[in-house]
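Undergrad: Just need the structure, nothing else, for what follows:
(2 chains)
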Amino acid sequence: MSETTSTAAPEKVRVRLTVNGTSHDLLVEPRTLLADLLRGDLGLTGTHLGCEQGVCGSCTVLVDGTATRSCLVFAAQLDGATVRTVESLGGVDGSLHPIQRAFHENHGLQCGFCTPGMLMGTCELLERTTEPDPDDVREALGGNLCRCTGYQNIVKSVCAAGRALAAERNGAQV
Amino acid sequence: MKPAAFAYLAPRDLDEALDQLAEHGADARVLAGGQSLVRLMNARLASPSVVVDINRVPGLDALAVTNGSGPATLRLGATVRQRTSELSADVATHAPLLAEAGAHVAHAPVRSRGTVVGSVAFADPSAELPAALLALDGRVVARSRSGERTIEADDFFTGPFRTSLDPGEMVVAVEVPAVGARTGSAFVEVARRHGDLPVCGVAATVTRADDGSVAGTRIALCGAGERPVRARAAEDALTGSDGGEGAVAEAAARAADGLSPIGDCHGSADFRRHLARVLTGRALRTAIHRAAGEATDV
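TA: Numbering: from 1, shown residues only, chains lettered A, B, ... in the order given. Take a look at the predicted model:
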C-alpha cells in the first residue's frame, strides 16, 4: 500500500466502529476500503475481495444491518457504524450457524470464494423474510457471482436455512 | 487496484459542504452512495484529491411531496437511496416510472447505498435513472455558495458523464412533477445480464385526453447516444394520434431518427437503433394501457 508521492499524505481519519460485537477506535487513511480494513487491519480475512468494483458480491458484509459491498465503502465513512462479517456467524467452538449448515448440507458451495458474500446476503434476507421462496432468494443474491455451483444449490441452501431458522424460532417459543 | 490518496471531508451541514466545494473546485468530488464514484476510484479512473462526503449533511435524505399552488411535486434529496425510492409509496403514487426504472439498477445491495441523485449527477449515458428523469420532465436543483438554481433535465445532461453543473456546484435534489390519473408510464430495457447497464432502454410517459387521444408524450432513451436523449420524432408522431396500434407502430419506427449511438462490445450502433425502435414500441403500448387505467405488465 505504501506509495511515494510528492505531496504530504492526507490526514488520517478517526473511526469508531463495532465489528462483530467488538468496539474499535482506529485511525485510517481516507482511501482505506472497508474490505481492506477488515482484512488487513482487523485480520478478518473471511471477507473476500473479488472484483473491487461492486460486481461480484464476494465482499458483502452487513453495515448497520444492510448488505453492503465492502469494496465500495471507505472505512472513513463508518464512524459510529456496526459491521457484521462472516466471522460472526459460527460459534467460538467452530460450530456452524444454521445458514452455514444449510449451505454445507445442500452443497451450496464448492471452492468457497463467493460463500462469505452469499452467507451475509442470506443473513440480511432472512432478517427481512422468514421463509423466502426461490424468487426472493434470486432477487436478494442476484448480484453475487458463483463460478462453481450453478446457483441451484445456493437457492436450495438459502430456502433450507430459512426453514431451519423458522423451526428454531418456533421451537424456542414452545 | 486501490484508490489514490485523497483528503476526506465530512461536512456537518450544507453550508460547510458548499464552502468545501467552492474551495477545492474541480479537485473535489461529492461522495453520496459511492456506488459509481468508489468503483471509479478503485480503478483509478477517478483520482480526486478531495472527497466531500455529504452523508452526514442533515436534510438531504428527505423524500417529500410538496403541494404548492400548482400540481404536486415529488422531491428527492441528494442522499435518498435508490432502494428507498424504489419502495416508497409516494414514488409509487406520483412517479411510478422512477421506481420501475430504479428496479433495473444493479442489485439490491448496490441500490441500498446508491442514491437517485448520484446516478443523475454521474450522468452515465446508459443509466436508467437519468432517462427516467428526462421522461418525467424532471429538474435538478443545484446549489453553490452563490445560490440555488433549477436546471431542467432537458438541459442538464450535456455529454457522456457530463452535465451543466459548474465547479463548486452540487445537486441537492431532483424534482419531478406528479403524474396525473390520465398519464401512464413504462420503462423497458435490454441488458446482457440482469443488473447490468442496459444496451438500450426506453422510459416513456403518455398522457391521454378525454376522448382517448394522446395529449402528450415524453420518450427518453438510454444507451442510445452520448447522453440520455429524447426520441422527439417518435413523440411528434404519437402526439395527437388515437394511441392505437398503428400510431404506436408509426412512432416506434421513428424512435431512432437522429440518434447516433456508439457501437461497442455490448452492441453495435445498428443494434442499438433497432432496440430503440422495438423498445419504444413496447414502452408506449404499456404506458398507453396504463394511462387508460389498465394494469399491464411489460
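Undergrad: Using the record, which stretches count as separate domains in chain A?
TA: A:13-88, A:98-169 (automatic domain parsing).
Undergrad: For the ones you listed, give me CSV that also has distance to chain B.
TA: For glycine as for every other residue, the C-beta is placed from the backbone atoms N, C-alpha and C. Output for those, formatted as CSV (distance: least, CB to the nearest CB, whole Å):
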stretch, distance to chain B
domain A:13-88, 3
domain A:98-169, 3
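Undergrad: will you turn these into JSON lines that also has mean neighbour count and mean pLDDT?
TA: Shown next, in JSON lines, are these (neighbours: other CB atoms under 10 Å in any protein chain shown; pLDDT from 0 to 100):
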{"stretch": "domain A:13-88", "mean neighbour count": "20", "mean pLDDT": "97"}
{"stretch": "domain A:98-169", "mean neighbour count": "19", "mean pLDDT": "96"}
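Undergrad: B:Leu136 is nearest to which of those domains?
TA: domain A:98-169 (25.2 Å; CB to CB).
Undergrad: ends of that closest one, how far apart?
TA: 12 Å (CA to CA, to the nearest Å).
Undergrad: next one: stretch B:107-118
TA: Start-to-end span of stretch B:107-118 (CA to CA) is 16 Å.
Undergrad: Strands along the stretch 51-200 of chain B, start to end?
TA: B:63-66, B:73-77, B:139-144, B:147-152, B:157-159, B:162-163, B:170-177, B:183-190, B:200-208 (DSSP state E, counting those that start in this stretch).
Undergrad: So what touches the fifth one?
TA: What that stands for is strand B:157-159. Here strand B:157-159 makes contact (CB atoms under 8 Å, 6 or more residues apart in numbering or on different chains) with B:123, B:125, B:130, B:134, B:163-164, B:226-228.
Undergrad: do the shortest one as well
TA: Outside of strand B:162-163, the residues that reach it under the criterion CB under 8 Å, 6+ apart are B:121, B:123, B:140, B:156-157, B:227.
Undergrad: For B:Leu63, find the nearest of the domains of chain A.
TA: Of all these, it is domain A:13-88 that lies closest to B:Leu63, at 17.2 Å by CB to CB.
Undergrad: can you pull out the helices in the stretch 101-250 of chain B?
TA: Using DSSP state H, counting those that start in this stretch, the helices of the stretch 101-250 of chain B run over residues B:108-111, B:116-122, B:128-135, B:153-156, B:232-238, B:245-253.
Undergrad: Please name whichever of the ones you listed is nearest to A:Pro134.
TA: helix B:108-111 (15.9 Å).
Undergrad: list the helices and strands the closest one packs on?
TA: Counting contacts by 3 or more CB pairs under 8 Å, 6 or more residues apart in numbering or on different chains; DSSP states H and E, the secondary-structure elements packed against helix B:108-111 are strand A:66-69, helix B:82-87.
Undergrad: Just send the ones you listed back as a markdown table, with distance to B:Asp53 too.
TA: Listed next are those as a markdown table, based on distance: least, CB to CB, whole Å:
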| stretch | distance to B:Asp53 |
| --- | --- |
| strand A:66-69 | 15 |
| helix B:82-87 | 18 |
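Undergrad: Go through those and name the closest to B:Phe187.
TA: helix B:82-87 (11.9 Å).
Undergrad: Against which helices or strands is that closest one packed?
TA: So helix B:82-87, by 3+ CB pairs under 8 Å, 6+ apart, packs with helix B:96-102, helix B:108-111, helix B:116-122.
Undergrad: In CSV: those, plus mean neighbour count.
TA: Shown next, in CSV, are the helices and strands packed on helix B:82-87 (neighbours: other CB atoms under 10 Å in any protein chain shown):
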stretch, mean neighbour count
helix B:96-102, 25
helix B:108-111, 26
helix B:116-122, 26
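Undergrad: Can you tell me which of these is nearest to B:Arg277?
TA: helix B:96-102 (19.4 Å).
Undergrad: burial measure for B:Asp27, as a count.
TA: 14 (other CB atoms under 10 Å in any protein chain shown).
Undergrad: List the contacts of it.
TA: B:Asp27 touches B:48-50, counting by CB under 8 Å, 6+ apart.
Undergrad: Name the residues that touch stretch B:280-287?
TA: Stretch B:280-287 is contacted by residues B:184-188, B:202-206, B:217, B:219, B:221, B:231, B:234, B:238, B:245, B:248-249, B:251-252, B:255, B:296-298 when judged by CB under 8 Å, 6+ apart.
Undergrad: Equivalent analysis for stretch B:236-248, please.
TA: B:206, B:208, B:212-217, B:250-251, B:254, B:281, B:284-285, B:288, B:291.
Undergrad: repeat for stretch A:25-32
TA: So stretch A:25-32 is contacted by A:9-17, A:37, A:41, A:74-76, B:2-8, B:41, B:51 (CB under 8 Å, 6+ apart).
Undergrad: Among those residues, which ones are in helices?
TA: Assigned to helices by DSSP state H, the following of the contacts of stretch A:25-32 qualify: B:Met41.
Undergrad: Phi, psi for the residue of the stretch 101-250 of chain B found nearest chain A please.
TA: Residue of the stretch 101-250 of chain B nearest chain A, by CB to the nearest CB: B:His107 (2.8 Å). Main-chain dihedrals, B:His107, degrees, to the nearest 10: phi -130, psi 160.
Undergrad: Near it, how many other residues are there?
TA: 21.
Undergrad: now do B:Glu189
TA: For B:Glu189, the count of nearby residues is 25 (other CB under 10 Å).
Undergrad: what are the bridge partners for it, then?
TA: B:Gly201 (DSSP bridges).
Undergrad: Do I have it right that it meets B:Val202?
TA: Yes - using CB atoms under 8 Å, B:Glu189 is in contact with B:Val202, at 7.2 Å.
Undergrad: any shared contact partners between those two?
TA: B:222, B:279.
Undergrad: before we move on, back to that, redo the contacts of strand B:162-163 as JSON lines? Include pLDDT.
TA: Shown next, in JSON lines, are the contacts of strand B:162-163 (pLDDT from 0 to 100):
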{"residue": "B:Ala121", "pLDDT": "98"}
{"residue": "B:Ala123", "pLDDT": "97"}
{"residue": "B:Val140", "pLDDT": "98"}
{"residue": "B:Phe156", "pLDDT": "98"}
{"residue": "B:Phe157", "pLDDT": "98"}
{"residue": "B:Arg227", "pLDDT": "96"}
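Undergrad: Compare those and tell me which has the most neighbours.
TA: B:Phe157 leads the contacts of strand B:162-163 on contacts (other CB under 10 Å) with 27 neighbours.
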